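Asks: predicted structure and sequence below. I'll ask about it afterward.
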There are 2 protein chains.
Amino acid sequence: MDEFDFINKLKSSCHFHQDVKVGIGDDAAVYKTSEHTHQVVCVDTMVEGVHFLKHVSTPEEIGYKALAVNISDIAAMGAIPLYYLVSIAIPSSWKEQELLNLYQGMKELANEYEMDLLGGDTVSTADKLVVTVTVIGEVNANVQTLRSNARDGDIVFVTGNVGDSSAGLALLLEHVTLNNKSHKEYLIQRHKRPTPRVKEGQFIAKLERASLNDISDGLASELNEISEASQLGITINEADLPISEALLELGTSHELNKWVLFGGEDFELVGTTSQESWEKLRNECEDQSISVTKIGTVTSDHSSVRMVTKDHNTITLEKSGYNHFKR
Amino acid sequence: MDEFDFINKLKSSCHFHQDVKVGIGDDAAVYKTSEHTHQVVCVDTMVEGVHFLKHVSTPEEIGYKALAVNISDIAAMGAIPLYYLVSIAIPSSWKEQELLNLYQGMKELANEYEMDLLGGDTVSTADKLVVTVTVIGEVNANVQTLRSNARDGDIVFVTGNVGDSSAGLALLLEHVTLNNKSHKEYLIQRHKRPTPRVKEGQFIAKLERASLNDISDGLASELNEISEASQLGITINEADLPISEALLELGTSHELNKWVLFGGEDFELVGTTSQESWEKLRNECEDQSISVTKIGTVTSDHSSVRMVTKDHNTITLEKSGYNHFKR
């Protein structure tokens, strides 16, 4: 079974409440609470042994990331995160101090965004720790940075660098090695402590129209979601992909492609907007020293996601990033 | 470690957002979104092998209950449930059809309350299924049915009958037996398919002032929470406790006490209100054929929860119901 197919089976064709503006199928749900403001809500679960390993990440790092992945979903809706709730299933292998440190890791990040912990649940479990974080945010009623917003001729852009996080994981698991200590540390931190792109999401939300996704399952997967939701094709250029110096040092070209296109957990934002809006976004980001890169275009010529490689071949990028659900 | 102590350590003395009206420590959190309306949000996790057993409950029943326990928290805030999100960690022992049935069980209950599924997460896990449900509701800005609202002289009341759910579990696990088939079925259904008391919560919310809790951890535990939060004593009368005919048939007096006082998962509402409001509530409930029973009084004479037994002894009821966190 595939996660995406499964989610499609749960979708309702209609809602009881007309206030629902975005239901299942985007980064977060959106519902109306007043004329000017919509609430944005999302939830993500991390499982010990699947999403994190206790011997490679500290409890603080695990807590930080559990919250970060949700803030990233809020950012991809052009929203501001406000509140979070934490539900945690705890096995006896975790000590009270470790649990407090996990919550401390969340609090550290929450403080950066002035978010309040509103509640949650604590239960026991026999086996592995499972932490579920719900984040609630707010967005202007006229903002919708949906996956389905792409239009023919749009510019495809991405914030920051891609591929760092999965390379960092490969380093942590000692699948690869890197002598340059600062580069190694950079990549590992990118995996352990991703920065949700809230500020970037706010810039993009001010554009006239934009499609937007956060990169949780890999660049190829997120681009496919935009392509499918907008029913348009996307073509990106390998030569334009923003890759960090550290990653370039580490990777052979085969590994690089795997990390950059299918690695996942970068928590950068990838989206599309009109040529005119792109110019505006690029200038604004330049003024603020924010990294945003044009990597391709949207087209009605085909309906898939394609990449023009450095040696000028065109390949199709399948939706085959991280898929925790596949088995 | 105790769940209650742990939660206390997570509480913040202040919030970034003044819109937070109720934070950690009540049935659900409340925050302001407009002058007239507050949002109410809660989250609960159920773990296979801890909160449910696959060989005694169907996937539909497990789904139904996972949502019901959250709606109950919303009801205890005097609020109306509107939306839910579901995050689920799935082991390979669960088939796709079982998972769809679990969601169907939730949907069946959600339809009764006209609630929309807004989203969630699906991840894999090695061991036991873990399902986390987030419910969002709405409450009038002037309603606060907090645990800390009890006042000296208040009447203590409870909706429905208490003790049925844990007796139903004892029957399911074959710890006890009952020949009367309809009584047996009644008790089992009370465990598997508890009815969240949303309508009752709405009646109570209309009172001038009320303290309120839903019975998830047992009557004794919930009364202790009201007593502690309000810094007042509570005295209940054993003879007044509403006990179903089925439970009376099943139990010896020792077992009865265990189920009724410490059993948990009844998801009835227990609260306190002034003598005058109590009369009003009783009359309104009578008109609607809703069961609500006076079981005791609030007092400033002592600070504990006590019960006057049928043989006129007074015993102290400790906060020792279900506590999944204790180990």
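Replies: Sure, I can see it. Numbering: from 1, shown residues only, chains lettered A, B, ... in the order given.

Asks: in chain A, which spans are helices?
Replies: Per DSSP state H, chain A carries helices over the ranges A:3-10, A:59-75, A:96-112, A:164-172, A:181-192, A:198-205, A:219-230, A:245-250, A:253-262, A:275-287.

Asks: out of these, which comes closest to B:Phe157?
Replies: Checking the helices of chain A against B:Phe157 by Cβ to Cβ gives helix A:96-112 as the closest, at 35.9 Å. Any C-beta I mention is one placed from the backbone N, CA and C, and that applies to glycine too.

Asks: low-confidence ranges, chain A, go.
Replies: Low-confidence segments of chain A, defined by pLDDT under 70, are located at A:1-4, A:321-327.

Asks: walk me through the domains of it.
Replies: Structurally, chain A divides into domains by automatic domain parsing as follows: A:13-140, A:147-316.

Asks: burial of A:Lys21, as a residue count?
Replies: 17 (other Cβ atoms under 10 Å in any protein chain shown).

Asks: again with A:Thr316
Replies: 11.

Asks: who are the contact partners of it?
Replies: By Cβ atoms under 8 Å, 6 or more residues apart in numbering or on different chains, the contact list for A:Thr316 reads A:304-306.

Asks: please repeat the previous calculation with a cut-off of 10 Å.
Replies: A:220, A:224, A:302, A:304-307 (Cβ atoms under 10 Å, 6 or more residues apart in numbering or on different chains).

Asks: turn the helices of chain A into TSV, including mean neighbour count and distance to B:Glu48.
Replies: TSV is the format used below for those (neighbours: other Cβ atoms under 10 Å in any protein chain shown; distance: least, Cβ to Cβ, whole Å):
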stretch	mean neighbour count	distance to B:Glu48
helix A:3-10	15	18
helix A:59-75	26	21
helix A:96-112	18	21
helix A:164-172	25	28
helix A:181-192	19	30
helix A:198-205	22	36
helix A:219-230	24	29
helix A:245-250	18	40
helix A:253-262	19	32
helix A:275-287	15	47
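
Asks: switch the domains of chain A over to CSV; also include distance to B:Gly168.
Replies: Rendered in CSV, the data for the domains of chain A read as follows (distance: least, Cβ to Cβ, whole Å):
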stretch, distance to B:Gly168
domain A:13-140, 20
domain A:147-316, 41
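
Asks: TSV for the helices of chain A, including distance to B:Gly233?
Replies: Formatted as TSV, the entries for these read as follows, by distance: least, Cβ to Cβ, whole Å:
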stretch	distance to B:Gly233
helix A:3-10	48
helix A:59-75	39
helix A:96-112	31
helix A:164-172	55
helix A:181-192	50
helix A:198-205	48
helix A:219-230	58
helix A:245-250	64
helix A:253-262	62
helix A:275-287	62
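
Asks: and of those helices, who's closest to B:Arg282?
Replies: Closest to B:Arg282 of the helices of chain A, according to Cβ to Cβ: helix A:3-10, at 42.3 Å.

Asks: for A:Asp44, which residues make a bridge with it?
Replies: Listed by DSSP bridges, the beta-bridge partners for A:Asp44 are A:Val133.

Asks: give me the number of residues near it?
Replies: A:Asp44: 23 surrounding residues under other Cβ under 10 Å.

Asks: so what's A:Pro196 up against?
Replies: A:Pro196 sits in contact with A:67-76, A:81, A:109, A:112-113, A:135, A:214, A:267-269, where contact means Cβ under 10 Å, 6+ apart.

Asks: of those residues, which ones also sit close to chain B?
Replies: The subset of the contacts of A:Pro196 within reach of chain B, counting by Cβ under 10 Å from any Cβ of the partner chain, consists of A:69-70, A:73, A:113.

Asks: need the nearest residue in space to A:Ile71, chain neighbours excluded.
Replies: With sequence-adjacent residues excluded and distances taken as Cβ to Cβ, 6 or more residues apart in numbering or on different chains, A:Ile71 is closest to A:Pro196, at 3.8 Å.

Asks: do the same with A:Phe6
Replies: For A:Phe6, the closest residue by Cβ to Cβ, 6+ apart turns out to be B:Thr122, at 6.1 Å.

Asks: what is the neighbour count of that neighbour?
Replies: Applying other Cβ under 10 Å, we find 19 other residues in the vicinity of B:Thr122.

Asks: could you double-check that it sits in contact with B:Val86?
Replies: Yes. With contact defined as Cβ atoms under 10 Å, B:Thr122 reaches B:Val86; the gap is 8.6 Å.

Asks: mutual contacts of the two, please.
Replies: When contacts are counted by Cβ under 10 Å, 6+ apart, B:Thr122 and B:Val86 are jointly contacted by A:Leu10.

Asks: residue contacts, A:Lys294?
Replies: A:Lys294 is in contact with A:155-158, A:236-237, A:240, A:242, A:275, A:278, A:281-282, counting by Cβ under 10 Å, 6+ apart.

Asks: of those residues, closest to B:Thr177?
Replies: Checking those one by one against B:Thr177 (Cβ to Cβ), the nearest turns out to be A:Val158, at 64.5 Å.

Asks: hmm, back to that, list phi and psi for the residue nearest to A:Ile71.
Replies: Note on A:Pro196: its backbone torsions stand at phi -60, psi 140 [degrees, to the nearest 10].

Asks: do the same with A:Leu207
Replies: The phi and psi torsions at A:Leu207 (degrees, to the nearest 10) take the values phi -70, psi 160.

Asks: excluding its backbone neighbours, what's nearest it?
Replies: Taking Cβ to Cβ, 6+ apart as the measure, A:Leu207 lies nearest to A:Ser277, with 4.3 Å between them; neighbours along the chain are not counted.

Asks: and the one you found, what does it touch?
Replies: Contacts for A:Ser277 (Cβ under 10 Å, 6+ apart) come out as A:154-155, A:157, A:204, A:206-210.

Asks: now a ChimeraX select for only the buried ones of the residues you listed.
Replies: The following ChimeraX selection, which keeps only the buried ones among the contacts of A:Ser277, applies the criterion 16 or more other Cβ atoms under 10 Å in any protein chain shown:
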select /A:154,155,157,204,207,210
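
Asks: narrow the contacts of A:Ser277 to those in strands?
Replies: For those, the ones inside strands are A:155, A:157, A:210, with DSSP state E as the criterion.

Asks: dump these to JSON lines, plus distance to chain B.
Replies: Converted to JSON lines, the ones in strands among the contacts of A:Ser277 look like this (distance: Cβ to the nearest Cβ, whole Å):
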{"residue": "A:Ile155", "distance to chain B": "28"}
{"residue": "A:Phe157", "distance to chain B": "25"}
{"residue": "A:Ala210", "distance to chain B": "21"}
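
Asks: show me which of the residues you listed is closest to B:Gly105.
Replies: When these are compared for distance to B:Gly105 (Cβ to Cβ), A:Ala210 comes out closest, at 38.3 Å.

Asks: is the residue nearest to that closest one when sequence neighbours are not counted in a bridge, and if so with what?
Replies: Excluding its sequence neighbours, the residue lying closest to A:Ala210 (Cβ to Cβ, 6+ apart) is A:Thr273, at 4.3 Å. Under the criterion DSSP bridges, A:Thr273 forms beta bridges with A:Ile155, A:Ala210.

Asks: what sits against A:Thr273?
Replies: A:145, A:149-151, A:154-157, A:204, A:207-212, A:279-281, A:298.

Asks: mind doing that once more with 7 Å?
Replies: With contact taken as Cβ atoms under 7 Å, 6 or more residues apart in numbering or on different chains, A:Thr273 is in contact with A:154-155, A:207, A:209-210, A:281.
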